[in-house]
Structure formats: C-alpha cells, structure tokens
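1. have a look at this fold, sequence not included:
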C-alpha cells in the first residue's frame, strides 16, 4: 500500500529564491512546522518532525491493514508487503548488501542491548571491548554491563580538538579485543567520527566495529560498505520517521549471534533478531520517510519523472549532498552568533573544520545556567534543550557537571538561517 502523499515537493517553489536548496518546499512537507505559528524548533537531536508523507503512511496503515502479519487474507498479506518494502528501503538507505541484514524494533538502545547480550555469551579469549567518552550512554553502559560476563574494557578518548582519532585507537586494540563501539556523530557536540579509519584499526586486530548512527542519520548518507563496519543501529524518529529503530549487521555475524527466539522462528536474520511484534505502522512511516528524502534527491537532480530511472540510492546521495552543504551554512551561522554572544562552544568550533560536524551544538553562556538559558528561550517561542544530553562522561570531560551540563541547539535541513538569527538575537538579549 503506497501513501497518498507522493508529491511532497512543489516544483514551483524549487524555482524561487532558494533554488540552491529548496527550503520552502522542504518546510512545506512538514505540517508540524506551522503548529504553532512562529515556534522555532531547535531540539531535533532529541527527535525530528515528520513530513506529511509519513503521517499519511501511518494513518493509511492503521485504517487499511491494522492486522497481524502472516495471515492468508489480503489485509495481512499487505502488512507482509509493507514490511518487505520498508526493509528494502532501509537497506537502500544504509547501502546494505541484502535486505535481510535489516531488523526492525523499538529503538537504537534496545538493539545495542540485544547485540551486547548476544556478544556477552560469546566472550572467550577475545573479551575486551573498546568504548568511548564521546558516546551517548546507551552505547557505553550496555557494553559495561558485560563486566559480569568477564568483559574487560579500554577507553578511546576524545582529544581536546573535540573528536576521536583513529591513531589513538591503535594501542587500545589487540588479539584480545572483541569489539569497538563508537558513534558516527556525537549526540551532544556534533563531532563526526572517521569510522572507516576506526574500522581499519579494529579489523587489523581481528575485532569488530559497532556503530551508533542515530545522530548522523538525519545529516549524512550512511554507507555500511564504505564504513566497513560490522553492526549499525539507528532510531527512525531522529530521521523524520515515527518512534522505531533498526539494526543493520553483516549477515554472517547476525547468523552467529545467540538471540532469544521462539522455537518456530528460524535461526536466521532478520527474524531471529525481531523477537515479538514490532510496530508495523511506524515501520510503514520509516519507509515513507526514506521516500521523502528520495523525492528530495530526485527533485534536486532534475530526475523526478514518473519512470524514475535513477536508483533510490543515487537519489539519496543527491539529497544528502545538498543537505550536508545547506546544514554547513546553518552551522557556520550558528557558530558565529554564539561567538558574538561570548558563548563557550564545546566541540569543533573552527569554521575551517565545519565538515567535521553536524549542526548539533552544545554551549554555555557566561554567568547563566543552562536551565535559565533554555527557559528564557522558551519564553520567546524557541525550543532547545539543556542538561547532560545522555552523555555524562563527555560532560565530565568538558569540565561540566552532570546536573547542569550545557545548552544544546540542534538543527536539521528544514531549519532556516532566519530561525538561527532569531535564536541569536534572543541570546544576545540575555547576554546584554
């Protein structure tokens, strides 16, 4: 069943003043951006808004085939078809070798725990796991919990330049290293990690690489083959879909994982990874979110004809190339206004290194608590977040307390330079 909202981009808008990036057309696809009028949403790292095509897909599923899969009647078979379609869409999004490498579930955290529990049962001579001090706690604590299984740990630490460096990983891995767990982009300070370099180091030692792609997914094209990783998790609600998550893993590794499954479920991916019933309508929404990005790419490349000869993967490449370029302009604007306000910026703040970050920025204003900053911004109809951002170890490394943390403003490609400037004006008033 396809969504009713196919034309999410208006060609007339594409020829307007934002011809380089169709910001008005992009924003028009997201109804929530107009409700309430004037609200500026800069808390996207906590969860992005959903376009109309996603809302329609969820609604259509609930209206037309809100039944269990696996039946012989048409509505049930349509659920099966929806899941297969979504699995292929996510496979295209991450450049998987086969759609069976994609598993659906609740969120990234639950998949990290699922894999950690499985790996915990296979520790032998290779019992060391490398974790980082830049990651979301979900990609740290889940691995540390394996200490009771005999796991030992090494810490890959961020440098003072706000990023992880693969050369620092070299002395941490050895013949006893089982796995390196790290993020693609920091959920707090936005730094993008060179994970392909990390994969080379890990694999040279015979270890595996597990990636948290949650914060990178809205901003850049995932490519598990180019990254050469072994596992990757993501939460759909960060990438314009409803609340759900997915796991990608090398098929041969997923086949070897000891997982819980009912006896009637074959010991093969993806079924062996998907214990119980996941939320079908949200999976339909994930499929639609990828279709929205695909449509954006086709519009940008001028290949939005009905026959769609261009592959989905190529269309997604066009979309994310434009998104990265546009978001870098937002990041540059944000960095400048924060500096003008005398803010302390955590992570990559050098404009020459803008390609090393996504538009997720943590900062503090002098002599004002993070909570006070976010409260004052809320009064001006601007939504940002304060606190430890689920990265308490990173906060400690930055010299911040877990209780206060920092302010985080996080943007995606539907935000505008005008919104950033309104945000800057509000901060300037506090600073004055």
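-> Perfect, thanks for sending it. Fair warning: this is a prediction, and the values are worked out from it, not measured in the lab.

2. how close does the residue nearest in space to the middle of the chain sit to residue 235?
-> The chain has residue 214 as the residue nearest its centroid, 2.5 Å off, counting by C-alpha atoms, centre = their mean. Residue 214 sits at a distance of 5 Å from residue 235 (criterion: C-beta to C-beta, to the nearest Å). (Each C-beta comes from the backbone N, C-alpha and C, glycine too.)

3. shared neighbours, these two?
-> Taking C-beta atoms under 8 Å, 6 or more residues apart in numbering as the contact definition, residue 214 and residue 235 share the neighbouring residues residue 108.

4. three-state assignment of the closest residue to residue 147 other than its chain neighbours?
-> In this structure, residue 147 finds its nearest non-sequential neighbour in residue 153, 7.5 Å apart by C-beta to C-beta, 6 or more residues apart in numbering. Under DSSP: H, G, I helix; E, B strand; the rest coil, the three-state class of residue 153 is strand.

5. what's the burial count for residue 153?
-> By the measure other C-beta atoms under 10 Å, the count of residues near residue 153 is 16.

6. that one touches residue 143, doesn't it?
-> Yes - with contact taken as C-beta atoms under 8 Å, residue 153 and residue 143 are classed as touching, separated by 7.3 Å.

7. joint contacts of the two?
-> Joint contacts of residue 153 and residue 143 (C-beta under 8 Å, 6+ apart) are 129, 131.

8. give me the buried positions along the helix or strand residue 424 falls within.
-> Taking DSSP states H and E as the definition, one finds residue 424 inside helix 417-431. Within helix 417-431, the residues that qualify as buried by neighbour count (16 or more other C-beta atoms under 10 Å) are 419, 420, 422, 423, 424, 426, 427.

9. so what's the second one up against?
-> Taking C-beta under 8 Å, 6+ apart as the criterion, residue 420 is in contact with 330, 333, 334, 337, 411.

10. looking at these, state which has the most neighbours.
-> Neighbour counts for the contacts of residue 420 were taken using other C-beta under 10 Å; the highest belongs to residue 411, which has 27 neighbours.

11. spatially nearest residue to that residue (excluding sequence neighbours)?
-> Setting aside the residues directly before and after it, residue 411 is nearest to residue 359 in space (C-beta to C-beta, 6+ apart), at 4.1 Å.

12. neighbours of that neighbour, how many?
-> By the other C-beta under 10 Å criterion, the neighbourhood of residue 359 contains 29 residues.

13. how much space separates residue 133 from residue 197?
-> 18 Å.

14. before we move on, back to that, please identify which of the buried residues of helix 417-431 is nearest to residue 192.
-> residue 420 (20.0 Å; C-beta to C-beta).

15. could you measure the closest one against residue 57, distance?
-> Relative to residue 57, residue 420 is positioned 31 Å away (C-beta to C-beta).

16. what about residue 70, how many neighbours?
-> The burial count assigned to residue 70 is 9, neighbours taken as other C-beta under 10 Å.

17. for the remainder of this discussion, apply numbering that starts at 38.
-> All set: I'll call the first residue 38, so the last point we hit is now residue 107.

18. what residues are up against it?
-> Going by C-beta under 8 Å, 6+ apart, residue 107 touches 113, 117.

19. next: residue 193.
-> With contacts taken as C-beta under 8 Å, 6+ apart, residue 193 has the following neighbours: 167, 168, 169, 170, 201, 205, 206, 209, 217, 219.

20. quick one: low-confidence parts of the stretch 238-387 of the chain?
-> 340-346 (pLDDT under 70).

21. how about the strands in the protein?
-> Here the chain has its strands, by DSSP state E, at 77-78, 139-142, 165-169, 189-193, 214-220, 245-249, 268-272, 282-286, 381-383, 397-401, 419-420, 422-424, 443-447.

22. how about the ones you listed in CSV, adding distance to residue 353?
-> Written out in CSV, the entries for the strands of the chain read as follows (distance: least, C-beta to C-beta, whole Å):
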stretch, distance to residue 353
strand 77-78, 24
strand 139-142, 15
strand 165-169, 28
strand 189-193, 30
strand 214-220, 21
strand 245-249, 18
strand 268-272, 14
strand 282-286, 15
strand 381-383, 31
strand 397-401, 21
strand 419-420, 28
strand 422-424, 28
strand 443-447, 22
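
23. residues near residue 195, how many?
-> If you count neighbours by other C-beta under 10 Å, residue 195 ends up with 24.

24. what's the distance between it and residue 230?
-> Residue 195 sits 10 Å away from residue 230, taking C-beta to C-beta as the criterion.

25. what residues are shared contacts of these two?
-> Between them, residue 195 and residue 230 share these contacting residues under C-beta under 8 Å, 6+ apart: 171, 201.

26. thinking again about what came up before, surely the residue nearest to residue 448 meets residue 369?
-> No - with contact taken as C-beta under 8 Å, residue 396 and residue 369 are classed as non-touching, separated by 9.5 Å.

27. what's the spacing between the nearest residue to residue 297 once chain neighbours are set aside and residue 296?
-> Closest residue in space to residue 297, ignoring its immediate chain neighbours: residue 312 at 5.4 Å, by C-beta to C-beta, 6+ apart. Distance from residue 312 to residue 296, counting by C-beta to C-beta: 7 Å.

28. who has more neighbours, these two?
-> Summary of the neighbour comparison: residue 312 and residue 296, criterion other C-beta under 10 Å, with residue 296 having more neighbours (19 against 15).

29. so that one sits against residue 155, correct?
-> Yes - counting by C-beta under 8 Å, residue 155 is a contact partner of residue 296 at 5.6 Å.

30. phi, psi of residue 243?
-> Per-residue torsions, residue 243: phi 80, psi 10 (degrees, to the nearest 10).

31. quick check: it vs residue 210, distance?
-> With distances defined as C-beta to C-beta, the gap from residue 243 to residue 210 amounts to 9 Å.

32. the more surrounded of these two?
-> residue 210 (23 against 13).

33. neighbours of the closest residue to the more buried one other than its chain neighbours, how many?
-> In space, and not counting its chain neighbours, residue 210 is closest to residue 242: 4.0 Å by C-beta to C-beta, 6+ apart. Burial of residue 242, expressed as a neighbour count using other C-beta under 10 Å, amounts to 18.

34. looks like residue 242 contacts residue 212 (just checking).
-> Yes - with contact defined as C-beta under 8 Å, residue 242 and residue 212 form a contacting pair (6.8 Å).

35. which neighbours do the two have in common?
-> Residues touching both residue 242 and residue 212 do not exist when contact is defined as C-beta under 8 Å, 6+ apart.

36. contacts only, for residue 239.
-> With contacts taken as C-beta under 8 Å, 6+ apart, residue 239 has the following neighbours: 167, 206, 210, 214, 216, 217, 245, 246.
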